[in-house]
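>>> how would this look folded up:
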Amino acid sequence: MVPLFEETDSLHGLEDRILKAVGLLTKLKEDNRSLQEQLTAALAGERKALAELESVKANTSSADKELELLRTERKHVKNRIEKLLGQMDHLAES
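Predicted coordinates:
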């Protein structure tokens, strides 16, 4: 027969280990919840950043088109001015 003191000691040891396991499980659940919240926030931030990136790409594309249009207009104006200067030179020579 096992002495009563040893049985009680074993039960206290087992109870302590169970309480530690429960405490660890509770902490792990809290950590998991916290990590899930951080993940959710990070994913929301990623979606927002991607939306902003798409907006910037659209603006850049629009700006590129406008720049090309302005370059074309500048080229036409330059050609017209050169043509007018040429006509003025021709008139000055006459």
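>>> next one: Gly23 from Arg17, what distance?
Noted for Gly23: a distance of 11 Å to Arg17, by CB to CB, to the nearest Å. Bear in mind the C-beta positions are built from the backbone N, C-alpha and C, glycine included.
>>> to clarify, my last question referred to Ala58.
Computed as CB to CB, the Ala58 to Arg17 distance reads 61 Å.
>>> next one: Glu66
In this structure, Glu66 and Arg17 are separated by 72 Å, where distance is defined by CB to CB.
>>> what of Ile81?
Distance from Ile81 to Arg17, counting by CB to CB: 92 Å.
>>> next: Leu85.
In terms of CB to CB, Leu85 sits 97 Å off from Arg17.
>>> ditto for Ala63
Between Ala63 and Arg17 the distance, using CB to CB, works out to 67 Å.
>>> and what of Ser55?
Remark: distance between Ser55 and Arg17 (CB to CB) = 56 Å.
>>> so who does Thr72 touch?
Shown here is Thr72, which makes no contacts under the criterion CB atoms under 8 Å, 6 or more residues apart in numbering.
>>> and stretch 39-53, how far from the chain's centre?
Averaged C-alpha coordinates place stretch 39-53 at 5 Å from its chain's average position (CA atoms, centre = their mean, to the nearest Å).
>>> nope, stretch 75-93 is what I meant
Centroid displacement of stretch 75-93 relative to its chain, using CA atoms, centre = their mean, is 53 Å.
>>> what mean pLDDT does it have?
If you average the pLDDT over stretch 75-93, you get 94.
>>> with stretch 28-42 instead?
Stretch 28-42 carries an average pLDDT of 98.
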